[in-house]
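# Let me see the structure of the following:
(one chain, ligands or ions: 1)
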Amino acid sequence: MARGAETDDVGIGMETVRKKMIDLLMEIPMTARQLSQVLGIRERDVYEHLPFVTRSAAARGLKLVALPFSCMACGYQFRERKRLDRPGRCPSCKSGHVEEPRYTVRRSSNGEPGHR
Ligand SMILES: [Zn+2]
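Next up, the predicted model:
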């Protein structure tokens, strides 16, 4: 960690936010909205942090995953999501009433090397 020059003028540093996200999500799965409230940042900022959180987590042998979530209109289940942000609408019924995904951080124990 010798490259800490990534701090913007946003009060709390990017690195700090990402570390906190990882710590929080290791404890309890949360939605982007909950994270934004706990961290005091905007929800859309949470989504922007997620790819970096994934990387920081990987560096610690951890893995950020979106838990399965579903469409509130038809019950369609989003299981395998490669993208971490929230889908705008359901691919099945085209409703916009899609549940917010919860994110969690797990130990990627048996170290699958570069499994993507
Ligand atoms: Zn649906």
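# quick one, what contacts residue 70?
Neighbour list for residue 70: 76, 77, 78, 98, 99 [criterion: CB atoms under 8 Å, 6 or more residues apart in numbering]. C-beta coordinates here come from the backbone N, C-alpha and C atoms, glycine included.
# Up against the ion, what does the protein have?
Contact residues (CB under 5 Å from the ion) of the chain with the ion: 71, 73, 74, 76, 90, 92, 93, 95.
# Relative to residue 96, how far out is the nearest residue to the first one once chain neighbours are set aside?
Spatially, and ignoring its direct neighbours in sequence, residue 71 is nearest to residue 90 (3.9 Å; CB to CB, 6 or more residues apart in numbering). Taking CB to CB, to the nearest Å as the measure, residue 90 and residue 96 are separated by 8 Å.
# ok, those two, which is more surrounded?
residue 90 (20 against 12; other CB atoms under 10 Å).
# Could you count how many residues lie near residue 100?
Burial of residue 100 is recorded as 14 neighbouring residues (other CB under 10 Å).
# circling back to that earlier point, contacting residues for the residue nearest to residue 71?
Residue 90 is in contact with 71, 73, 74, 76, 96, 97, 98, counting by CB under 8 Å, 6+ apart.
# In PyMOL, select just the buried ones from those residues.
Per 16 or more other CB atoms under 10 Å, the buried members of these correspond to this PyMOL selection:
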select buried, resi 71+76+98
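# out of the contacts of residue 90, who's nearest residue 28?
Nearest to residue 28 among these: residue 98, at 21.6 Å, using CB to CB.
# That closest one contacts residue 75, correct?
No: assessed by CB atoms under 8 Å, residue 98 is found out of contact with residue 75, at 11.1 Å.
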